[in-house]
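[1] Sequence first, predicted model second:
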Amino acid sequence: KAKGRKPINYLSEEMIEEAMLKEGYTISDKQRTKSKQALRTNTYRLLRKAEANIKAILEKGMFGVKH
C-alpha cells in the first residue's frame, strides 16, 4: 500500500481551537467581564435616554433631550 497523506479536517473543534490559540484570540476572564459590564452600562444609559425623550415628548411635545 502506498503511503499517502492523511486528510486534515480544518473545521474540527481541535483545529479551530489550536488556530485561535496560535493567533492569540483568547479572551481573559477579566476582559470578558469588563466588556459585559460596558455593554450593560451602555444599554442602561440608552434606556434612560429613551425614557427621558419619551417623557419630554409627552410633556412638552419636543424631542431630543441631552443630545
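    All right, it came through fine.
[2] Identify each buried residue in whichever strand or helix holds residue 16, please.
    Assigned by DSSP states H and E, residue 16 falls within helix 13-23. By 16 or more other C-beta atoms under 10 Å, helix 13-23 has no buried positions at all. C-beta coordinates here come from the backbone N, C-alpha and C atoms, glycine included.
[3] got the buried residues for the biggest helix by length in the chain?
    Assignment by DSSP state H gives helix 29-60 as the longest helix of the chain. Residues of helix 29-60 classed as buried under the neighbour-count rule (16+ other C-beta under 10 Å) are residue 53.
[4] returning to what we had before: summarise which helices and strands the helix holding residue 16 is packed against.
    Helices and strands touching helix 13-23, as assessed by 3 or more C-beta pairs under 8 Å, 6 or more residues apart in numbering; DSSP states H and E, are absent.
[5] For stretch 51-63, what is the distance to the chain centroid?
    31 Å (C-alpha atoms, centre = their mean, to the nearest Å).
[6] right, I mislabeled it, should have said stretch 38-58
    Taking C-alpha atoms, centre = their mean, the mean C-alpha location of stretch 38-58 is offset from the chain mean by 20 Å.
[7] Same question for stretch 21-29.
    Using C-alpha atoms, centre = their mean, the offset of stretch 21-29 from its chain centre is 15 Å.
[8] What is the end-to-end distance of that stretch?
    15 Å (C-alpha to C-alpha, to the nearest Å).
[9] Repeat that for stretch 19-32.
    The first-to-last residue distance of stretch 19-32 comes to 20 Å (C-alpha to C-alpha).
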